[in-house]
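Trainee: A structural model of the following input is requested.
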Amino acid sequence: MNNIKNYIDDNKDRFLEELFELLRIPSISADPKHKNDIEKAAELLKVHFEKIGMENIEICETPGYPVVYADKIIDKKLPTVLIYGHYDVQPADPIELWDSEPFEPIIKKTEKHPKGAIFARGACDDKGQMFMHVKALEAMLKNDALPCNVKIIVEGEEEVGSENLGWFVERNLDRLSNDVILISDTSMISNEVPSITTGLRGLSYVEVEVTGPSHDLHSGVYGGAVANPINVLSKMIASLQDEDKRITIPGFYDKVKEYSEEERKVMGEAPFDMEAYKKSIGINAVEGEKGYSTLERASIRPTLDVNGIWGGYIGEGAKTVLPSKANAKISMRLVPNQNWEEISEMFKNHFESIAPDSVKVKVNIHHGGEGYVTPTDSIEYEAASKAMEESFGKKPIPQHSGGSIPIVALFEKELKSKTILMGFGLDSDAIHSPNEHYGVFNFFKGIETIPLYFKHFTELKKQEK
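Mentor: Below is the predicted model:
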């Protein structure tokens, strides 16, 4: 493995510049105006796969944005690792809160990243983490050190629910057959305390619309006599949680997995600094479901949050309007056993039932996905643990994450293989927010660790036989 490490050290500047080129492309999947940028990012990945020596490279069309595929099959008798990542990114809004241009990557030092961090939209989620795999594959291929077969798929719709990746997977089962799926789209506890994500929450994402009068009204003439949709919507949303911060939708908790005291004790051993946590996001106090710790609330418990709310006049100055409509986007993070389609229907039925007769309510179910748990007593996990221990010099901690990667549960269902979530970001990297960044240390540590995963997984699979 020394040749690989030397190769990485000798090519660090080039690796960074190639990542910067990818980060400069505003491949925003949520905005149709960026369709050409999505296609440009896919084309650039295809070029990189060609340069590093991958084979069967293809930009695969779907009903939505394309999937980029490549593989290297060195011996069909050897195990196969399937790598997954995504090249699409979140919108950069609000632009005015960025300290630098979101699509002009720069490196700046931070408290958590004293060696420097790459600031750009997609730096951590997921271009930077996905590109680690491209460069790790390059390091292995250029040094004739790839120990097993590899396949890689990179999609362009993860940030909008991966709707068409499911379509692609179902039509390419043989092509995507593998022994393990490796994903870097999660985080670690810290650069000093490596961890492996062993649980993800699911997701249900909905949009609601409350309509009162047929058109906007003068609040002086009609105020107090006609229902204000914004007032009604606010009250309806407030009723979705009780005083203990438990969600009030009937049946919502019926399938929620309850962990034993022993299991919760083990989870609680992960280091956590409450004061640093509050300081990092500028709050004075935490809150959440009664009876659970902050880490538990953010990982093993379901949630309901308003992601956006609007209606009426929001321009400069004053306009005394009683609006016709009010809207909100709402996401629910789900835990294993909660089916996102069932929860979405529960939400829809409940939200419609609590609406007063003075308004009409419309609920639009956007997308969702299932939660996922990775067993820690498997060869797949053991290989990741060994790789990170060799790379970081200490054994990683298994940790549940509060985030969602909807495609993971589908992978297991359709491809019958386990997923290892070996991410290298930090929770403080501001993904989905202004000033998203990714540590230079983390980028190169990922490139260094990924070949070790291939080595240990191949060795363990041979011992299994």
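
Trainee: mind checking how far residue 401 is from residue 389?
Mentor: Distance from residue 401 to residue 389, counting by Cβ to Cβ, to the nearest Å: 20 Å. C-beta coordinates here come from the backbone N, C-alpha and C atoms, glycine included.

Trainee: ignoring the adjacent residues along the chain, who's closest to residue 376?
Mentor: Nearest non-adjacent residue to residue 376, counting by Cβ to Cβ, 6 or more residues apart in numbering: residue 398, 5.1 Å away.

Trainee: the stretch 1-150 of the chain: helices as residue ranges?
Mentor: Assigned by DSSP state H, counting those that start in this stretch, the stretch 1-150 of the chain shows helices spanning 2-10, 12-23, 35-52, 127-142.

Trainee: just the ones you listed: most buried one?
Mentor: Highest mean neighbour count among the helices of the stretch 1-150 of the chain (mean count of other Cβ atoms under 10 Å): helix 127-142, with a mean of 25.

Trainee: report the distance from it to the chain centre.
Mentor: Counting by Cα atoms, centre = their mean, to the nearest Å, helix 127-142 is centred 19 Å from the centre of its parent chain.

Trainee: then that helix to CSV, C-alphas only?
Mentor: Presented in CSV, the C-alpha positions along helix 127-142 are these (Å, rounded to 0.1, in the frame of the first residue of the first chain):
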residue,chain,number,x,y,z
LYS,A,127,-18.9,15.8,-5.0
GLY,A,128,-15.9,15.8,-2.7
GLN,A,129,-16.7,12.5,-1.1
MET,A,130,-17.7,10.9,-4.3
PHE,A,131,-14.6,12.1,-6.1
MET,A,132,-12.4,10.5,-3.3
HIS,A,133,-13.5,7.2,-4.8
VAL,A,134,-12.5,8.2,-8.3
LYS,A,135,-9.1,9.2,-7.1
ALA,A,136,-8.7,6.1,-4.9
LEU,A,137,-9.6,4.0,-8.0
GLU,A,138,-7.0,5.9,-10.0
ALA,A,139,-4.3,5.3,-7.3
MET,A,140,-5.1,1.6,-7.3
LEU,A,141,-5.3,1.2,-11.1
LYS,A,142,-2.1,3.2,-11.8
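
Trainee: let me know the angle separating that helix from helix 2-10.
Mentor: Angle of helix 127-142 versus helix 2-10, following axes from the mean of the first three to the mean of the last three Cα atoms, to 10 degrees, is 130 degrees.

Trainee: from the contact counts, what lies against helix 127-142?
Mentor: helix 2-10, helix 12-23, helix 35-52, strand 80-86, strand 149-155, helix 440-464 (3 or more Cβ pairs under 8 Å, 6 or more residues apart in numbering; DSSP states H and E).

Trainee: related to what we said a few turns ago, in CSV: the helices of the stretch 1-150 of the chain, plus distance to residue 442 and mean pLDDT.
Mentor: Output for the helices of the stretch 1-150 of the chain, formatted as CSV (distance: least, Cβ to Cβ, whole Å; pLDDT from 0 to 100):
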stretch, distance to residue 442, mean pLDDT
helix 2-10, 14, 95
helix 12-23, 12, 98
helix 35-52, 20, 98
helix 127-142, 8, 98
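
Trainee: need those in TSV (columns: distance to residue 375).
Mentor: Formatted as TSV, these follow (distance: least, Cβ to Cβ, whole Å):
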stretch	distance to residue 375
helix 2-10	29
helix 12-23	33
helix 35-52	32
helix 127-142	23
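
Trainee: show me the one of the ones you listed that comes nearest residue 255.
Mentor: Nearest to residue 255, of all those, is helix 127-142, at 31.2 Å by Cβ to Cβ.

Trainee: got the angle for the closest one vs strand 149-155?
Mentor: Going by the same axes, to 10 degrees, helix 127-142 makes 150 degrees with strand 149-155.

Trainee: rewinding a little: any idea what the residue nearest to residue 376 is bridged to?
Mentor: residue 196 (DSSP bridges).

Trainee: the helices in the stretch 251-400 of the chain, which residues?
Mentor: Using DSSP H, counting those that start in this stretch, helices in the stretch 251-400 of the chain cover 261-267, 274-281, 294-297, 340-353, 379-392.

Trainee: let me know which of the ones you listed is tucked in deepest.
Mentor: Sorting the helices of the stretch 251-400 of the chain by mean neighbours (by mean count of other Cβ under 10 Å), the first place falls to helix 379-392, with a mean of 20.

Trainee: run the angle between it and helix 440-464 for me.
Mentor: Using the same axes, to 10 degrees: helix 379-392 against helix 440-464 is 140 degrees.

Trainee: and the residue nearest to residue 376, what does it touch?
Mentor: Residue 398 makes contacts with 195, 196, 198, 376, 381, as judged by Cβ atoms under 8 Å, 6 or more residues apart in numbering.

Trainee: now swap in residue 102 and tell me
Mentor: With Cβ under 8 Å, 6+ apart, residue 102 has these contacts: 26, 92, 95, 120, 121, 434, 436.

Trainee: skipping adjacent residues, who's closest to the fifth one in space?
Mentor: When you say that, I think you mean residue 121. Residue 121 sits nearest to residue 102 (Cβ to Cβ, 6+ apart), 4.2 Å away.

Trainee: check the second one too.
Mentor: Beyond its immediate neighbours in the sequence, the residue positioned closest to residue 92 (Cβ to Cβ, 6+ apart) is residue 102, lying 3.8 Å away.

Trainee: ok, the last one next?
Mentor: Setting aside the residues directly before and after it, residue 436 is nearest to residue 430 in space (Cβ to Cβ, 6+ apart), at 4.8 Å.

Trainee: confidence score at the one you found?
Mentor: Residue 430 is assigned 95 on the pLDDT scale.

Trainee: next: residue 465.
Mentor: 69.

Trainee: need the contact list for residue 134.
Mentor: 45, 48, 49, 52, 152.

Trainee: got a markdown table for the contacts of residue 398, with distance to residue 30 and pLDDT too?
Mentor: Below are those laid out as a markdown table (distance: Cβ to Cβ, whole Å; pLDDT from 0 to 100):
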| residue | distance to residue 30 | pLDDT |
| --- | --- | --- |
| 195 | 30 | 95 |
| 196 | 30 | 96 |
| 198 | 29 | 93 |
| 376 | 35 | 92 |
| 381 | 33 | 97 |
